[in-house]
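Peer 1: model the structure of this input:
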Amino acid sequence: MNASSRIPPPSDALWQSLAETSNDLLWAVDLAGCWSYLSPAATRRIYACEAAELLGQPMQAAAEETLRERDRAVFGRVLAGQSVFRLETRHRRHDGSHVDLSFNAVPLRDAHGTLLGATGTARDISEERAAAAALQESVEKLRLAVDVAELMVWEWDQASSRLHWGRHPAGHLDALEGRSMPWSEYLQLVHPEDAERYLADARAAWEGRQPYAAEHRILGRDGQVTWISARGKILGDAAGRAARMIGVSQDITARKRREEEVRFLAYHDVLTGLPNRRLLDDRLGQALHLAQRRGTQVAVMLVDLDDFKLVNDRLGHRGGDAALREVAQRLGACMRKADTLARQGGDEFVVVIPALGHREDCAVVADKILRAVEAPVQVEGEAVRLGASIGVSLFPEDARDGEALLRNADAAMYRAKQSGGNQYRYYGR
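Peer 2: The predicted model follows:
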């Protein structure tokens, strides 16, 4: 490079041009900390006034009152010979509003090295501060929402086949340890009955790059079961390949328990826990369907307690309810697993015996029921004696549908009761 092609040293005109076009404020202060120079254009943008209105005034007079002592100490170090970069503070504008600034400051010396003051730049970071505050507020709201919903945020990395997660809500702690584990280890925690479905849902999400949504159970170290509702979304890498699944999980054990209770109450008697008429009709329908296909018999037995009103009159409804619960347990002990015992209402019970081999099998069950019921029942310290009248109706001999079988069993039961009770009668006899 020859001398004629060298870049000339900066001139006063160039410095002035730089000061006028710079978005940052160029400034200087003397040893007393008073403004000695302010670039005019940036001063108007930042302080909403002319530079001449600030020259000679202390720099710290513009600082927010709560920050003045801190800033004075920092700039004191600069005036003592140190340099400071990215000092964030807040100054008051000429119109009374505030502006957030980031200062860079270095000591100002003359040609002999004598300290004259300090100089540097200041950048308006108000928009950055506002954006950061808005982002922080959004993050806090999201964190609060996650906490309130008791969600666990997780990430499933495809390359490493590892799961990473954040805070453990209640219910996850027993099964999950730390903040990361191989996905294969998590799979071992999934309930065996849910593992196949869990794998199918996860595979479909990865292969189809579709949202993942599934419910499954995980088993804790002590065997405790926790229901998990998980939702996730596939994210791609730079090449567009499925790389990660980001999602949230929630412990829904309590919800599942409530749903199960609702389902139970819909099909079971509240007092005894036995199937109610709704479930009885369903079980009876299934038994008749199978009997038609296989050419077998079905027996329907209606059991009505004898003189149960006397128990209620003597012990009250509370005592009567206790007696009914005891009788329900005794009747249940007389049944096979395939049989259905239901409470029809009041002191009436219904027994459905599917795949009946011989009519005599009904007599065996009826005798067991009579012996079970006639044994004294202890209610609130008192011995109560009960009896039962039983009516039996057979499919297909007596009727070919559930309603007719129940009506016929009821008619047979009344004949048993009219004959003195504590006995059974067949409809067709």
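Peer 1: nearest residue to the middle of this structure?
Peer 2: residue 250 (2.6 Å; CA atoms, centre = their mean).
Peer 1: sec struct for that one, please.
Peer 2: strand (DSSP: H, G, I helix; E, B strand; the rest coil).
Peer 1: do the same with the one 5 residues further on
Peer 2: Three-state secondary structure (criterion: three-state DSSP) places residue 255 in helix.
Peer 1: dihedrals phi and psi, the residue nearest to it when sequence neighbours are not counted?
Peer 2: Nearest non-adjacent residue to residue 255, counting by CB to CB, 6 or more residues apart in numbering: residue 227, 7.6 Å away. Where C-beta positions appear, they are placed from N, C-alpha and C, glycine not excepted. The phi and psi values for residue 227, taken as degrees, to the nearest 10, are phi -80, psi 130.
Peer 1: ditto for the one 5 residues further on
Peer 2: For residue 232, the backbone dihedrals are phi -150, psi 170 (criterion: degrees, to the nearest 10).
Peer 1: sorry, back to before: how close does the residue nearest to the centre of the chain sit to residue 234?
Peer 2: 20 Å (CB to CB, to the nearest Å).
Peer 1: tell me which residues touch residue 162, please.
Peer 2: 156, 180-183 (CB atoms under 8 Å, 6 or more residues apart in numbering).
Peer 1: mind checking which of those land in strands?
Peer 2: Applying DSSP state E to the contacts of residue 162, the entries found in strands are 156, 180-182.
Peer 1: the residue nearest to residue 255 contacts residue 215, correct?
Peer 2: Yes - at 6.6 Å, residue 227 counts as touching residue 215 under the criterion of CB atoms under 8 Å.
Peer 1: of those two, give the one with the bigger neighbour count.
Peer 2: Using other CB atoms under 10 Å, the more surrounded residue of residue 227 and residue 215 is residue 227, with 20 against 16.
Peer 1: what's across from that one in the sheet?
Peer 2: Listed by DSSP bridges, the beta-bridge partners for residue 227 are residue 217.
Peer 1: in stretch 148-162, what's buried?
Peer 2: 150-152, 154-156, 158, 162 (16 or more other CB atoms under 10 Å).
Peer 1: how close does residue 277 get to residue 345?
Peer 2: From residue 277 to residue 345 the distance is 7 Å (CB to CB).
Peer 1: which one of these two has more residues nearby?
Peer 2: Set side by side, residue 277 and residue 345 show more neighbours around residue 277, with 15 against 11, by other CB under 10 Å.
Peer 1: hang on, the earlier thing: which residues does the residue nearest to residue 255 contact?
Peer 2: So residue 227 contacts 215-217, 251-253, 255-256 (CB under 8 Å, 6+ apart).
Peer 1: any idea which of these is the one closest to residue 327?
Peer 2: Distance to residue 327 across those (CB to CB) is lowest for residue 256, with 32.2 Å.
Peer 1: show me the contacts for the closest one.
Peer 2: residue 227.
Peer 1: quick one: low-confidence ranges for the stretch 51-200 of the chain?
Peer 2: For the stretch 51-200 of the chain, the stretches with pLDDT under 70 are 167-178.
Peer 1: which residues of it fall in helices?
Peer 2: 68-79, 126-148, 183-189, 192-208 (DSSP state H, counting those that start in this stretch).
Peer 1: out of these, nearest to residue 338?
Peer 2: helix 192-208 (22.9 Å).
Peer 1: what does the closest one contact?
Peer 2: 158, 187, 190, 210-214, 216-217, 232, 234, 242, 245.
Peer 1: and it, how far out from the chain's middle?
Peer 2: Relative to its parent chain, helix 192-208 has a centroid offset of 20 Å by CA atoms, centre = their mean, to the nearest Å.
Peer 1: with distance to residue 388 added, can I get the buried residues of stretch 148-162 in TSV?
Peer 2: Shown next, in TSV, are the buried residues of stretch 148-162 (distance: CB to CB, whole Å):
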residue	distance to residue 388
150	51
151	55
152	55
154	58
155	64
156	61
158	66
162	64
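Peer 1: show me which pair in those is furthest apart.
Peer 2: Farthest pair in the buried residues of stretch 148-162 (CB to CB) is 150 and 158. Separation: 27.1 Å.
Peer 1: what's the burial count for residue 51?
Peer 2: Neighbours of residue 51 (other CB under 10 Å): 18.
Peer 1: OK, contacts around it?
Peer 2: Per CB under 8 Å, 6+ apart, neighbours of residue 51: 38-40, 43-44.
Peer 1: list the contacts for residue 415?
Peer 2: Applying CB under 8 Å, 6+ apart, the residues near residue 415 are 391, 425.
Peer 1: before we move on, back to that, mutual contacts of residue 227 and residue 215, please.
Peer 2: Shared contacts of residue 227 and residue 215, counting by CB under 8 Å, 6+ apart, come down to residue 252.
Peer 1: so where do the strands sit in the stretch 301-429 of the chain?
Peer 2: 340-345, 348-356, 377-379, 382-384, 387-395, 423-426 (DSSP state E, counting those that start in this stretch).
Peer 1: mind putting those strands into TSV with mean pLDDT?
Peer 2: Shown next, in TSV, are these (pLDDT from 0 to 100):
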stretch	mean pLDDT
strand 340-345	94
strand 348-356	94
strand 377-379	86
strand 382-384	85
strand 387-395	95
strand 423-426	95
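Peer 1: which one of those strands lies nearest to residue 67?
Peer 2: Of these, nearest to residue 67 by CB to CB is strand 340-345, at 77.3 Å.
Peer 1: tell me what angle the one helix or strand residue 261 maps to forms with strand 340-345.
Peer 2: For residue 261, the host element (DSSP states H and E) is helix 253-267. For helix 253-267 against strand 340-345, the angle by axes from the mean of the first three to the mean of the last three CA atoms, to 10 degrees is 70 degrees.
Peer 1: buried stuff in helix 253-267?
Peer 2: Buried residues in helix 253-267 (16+ other CB under 10 Å): 253, 256.
Peer 1: what of stretch 363-380?
Peer 2: Neighbour-count burial for stretch 363-380 [16+ other CB under 10 Å]: 365-366, 369-370, 372-373, 377, 379.
Peer 1: likewise for stretch 21-34?
Peer 2: 24-30, 33-34.
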